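Trainee: below: sequence and its predicted model.
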Amino acid sequence: MRIRILLPALILLMTVSGCMDKYQRLAYNGKAKNIILLIGDGMGLAQASSIFYFQEETPSFVRFQHIGLHQNTPTDAQITDSAAGATAFSAGVKSYNGAIGVDSDTIPQPTILEMAAEAGWSTGVIATSSITHATPASFYAHVKSRRLADDIALGMLEAPVDFFAGGGLDYFAKREDGRNLIKELEDKGFVISTDAMNKPANMSLNNNYGFLLADDGMPEMTKGRGDFLPDATQIAIDFLSQDKDGFFLMVEGSQIDWGGHANDSEYVIEEVKDFDKVINAALDFAEKDGNTLVIVTADHETGGFSLSAAEVRKQRDYKYIKPTFSTGGHSAALIPVYAYGPGAANFQGIYQNNDIFKKMLEAARMK
Ligand code: MG
Ligand code: ZN
């Protein structure tokens, strides 16, 4: 009698615990071990479209099957700047224009980079602006105004950033408070390079790496920046992917926005072409890895850029495209989101910019 009752109970117990293991494993399947977030500052749909007409190689964008749109309204205006735009991605909160990693009451909010580090992931930030500029800053600093670049640089000392690359040497080495943050970062275990984007020998997770390759912003593509951004991205991926727990990497094509502000279509298009190489590098890694979520988006559109028909002898001629601009500032257009990898399907639809933070966290296998 006893055996008869016990046996089924035992079998049931074994089955249930076996199933739980299985379901836990299943729950982890389909979650991202790594996240690569690629932000083309100011890269609206027309900017991304431009390389379908002005580049020979097939644009990386065709490699995405899951595409959505985000609305980027900040709390204090109709049109966002890059600080509020990036803070929505990094911290999941809508805030005011100028806010760096703080909410609309200037209260610091934890960023996805910090949460990733907390979960044991390695982290990186890369930009073609100063690394203290609004977009990258919003991932590692908490400052009430984007203008406080010296304070933002101090954020890098406190932040759990393992790899960074960009411009902005002056905010670390020529500061109003006289501190030498290069020295302070080196004391914290950073290997800092200020000359070129070369891969350090024997890159190890025991070290952190920082590249500060211009006093402020990096040069424009049309003025000889070369392959800084794709190279930095590849070196960061090679380094960070040594971490078996996972990694979070944010790469910004900062100057697509600057070309828009300048109403300079060649500037815009050359920057998008450069960013396209970065997207391909991230997707190549993600395809091989199988556990990496790649998100490509922009904080907002810049310039009211459009791919209009050229005018030939005062007649519109549909045979030719002449890119035009409608503003020297940002516009309120919804922004495409291109997603690849575990969790990518969840980025379809139309949602708010700060939902991207939530969707990344939902997709992540943190812990
Ligand atoms: Mg930016
Ligand atoms: Zn801008």
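Mentor: Perfect, I can see it now. Ligands and ions are numbered 1, 2, ... in the order given.

Trainee: mind listing the strands for this structure?
Mentor: For the chain, the strands defined by DSSP state E cover 34-40, 66-71, 122-130, 163-167, 190-193, 208-212, 247-253, 292-297, 301-302, 306-312, 315-324, 330-331, 335-340, 349-352.

Trainee: what does the stretch 151-300 of the chain have sitting close to ligand 1?
Mentor: Contacts of the stretch 151-300 of the chain with ligand 1, taken as Cβ under 5 Å from the ion, map to S254. In short, each C-beta sits where N, CA and C put it, glycine included.

Trainee: nearest residue to the residue of the stretch 151-300 of the chain found nearest ligand 1 other than its sequence neighbours?
Mentor: The stretch 151-300 of the chain approaches ligand 1 most closely through S254 (4.5 Å), counting by Cβ to the ion. Leaving aside its sequence neighbours, S254 sits nearest to S129 (Cβ to Cβ, 6 or more residues apart in numbering; 3.6 Å).

Trainee: and what of P342?
Mentor: A32 (4.3 Å).

Trainee: got the contact list for the one you found?
Mentor: When contacts are counted by Cβ atoms under 8 Å, 6 or more residues apart in numbering, A32 touches G246, N291, T292, L293, G341, P342, G343, A363, A364, R365.

Trainee: apply 7 Å and report the result again.
Mentor: By Cβ atoms under 7 Å, 6 or more residues apart in numbering, the contact set of A32 is N291, T292, L293, G341, P342, G343, A363, A364, R365.

Trainee: ok, D41 next?
Mentor: By Cβ under 7 Å, 6+ apart, the residues touching D41 are S82, T135, E252, G253, S254, I256, D257, A298, D299.

Trainee: looking at it now. What's its pLDDT?
Mentor: With respect to pLDDT, D41 has a value of 99.

Trainee: sorry, back to before: burial count for the residue nearest to S254?
Mentor: Residues lying near S129 (other Cβ atoms under 10 Å) number 25.

Trainee: isn't it up against A214?
Mentor: No: using Cβ atoms under 7 Å as the test, S129 is too far from A214 to be in contact (9.2 Å).

Trainee: for those two, list the residues in contact with both.
Mentor: Contact with both S129 and A214 is made by residues G167, according to Cβ under 7 Å, 6+ apart.

Trainee: low-confidence ranges in the stretch 151-300 of the chain?
Mentor: The model of the stretch 151-300 of the chain has no residue with pLDDT under 70.

Trainee: so where do the helices sit in it?
Mentor: 169-173, 181-187, 228-240, 255-261, 265-289 (DSSP state H, counting those that start in this stretch).

Trainee: helices or strands next to the third one in the packing?
Mentor: What it means is helix 228-240. Counting contacts by 3 or more Cβ pairs under 7 Å, 6 or more residues apart in numbering; DSSP states H and E, helix 228-240 packs against strand 122-130, strand 163-167, strand 247-253, helix 265-289.

Trainee: recalculate using a threshold of 10 Å.
Mentor: Contacts defined by 3 or more Cβ pairs under 10 Å, 6 or more residues apart in numbering; DSSP states H and E place helix 228-240 against strand 34-40, strand 122-130, strand 163-167, strand 208-212, strand 247-253, helix 265-289.

Trainee: sorry, back to before: reformat the contacts of D41 as a markdown table; add neighbour count and distance to T222.
Mentor: What follows is the contacts of D41, written out as a markdown table (neighbours: other Cβ atoms under 10 Å; distance: Cβ to Cβ, whole Å):
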| residue | neighbour count | distance to T222 |
| --- | --- | --- |
| S82 | 29 | 21 |
| T135 | 28 | 21 |
| E252 | 31 | 18 |
| G253 | 31 | 14 |
| S254 | 29 | 15 |
| I256 | 32 | 13 |
| D257 | 31 | 15 |
| A298 | 31 | 20 |
| D299 | 30 | 22 |
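
Trainee: A119 and ligand 1: what is the separation?
Mentor: Distance from A119 to ligand 1, counting by Cβ to the ion, to the nearest Å: 26 Å.
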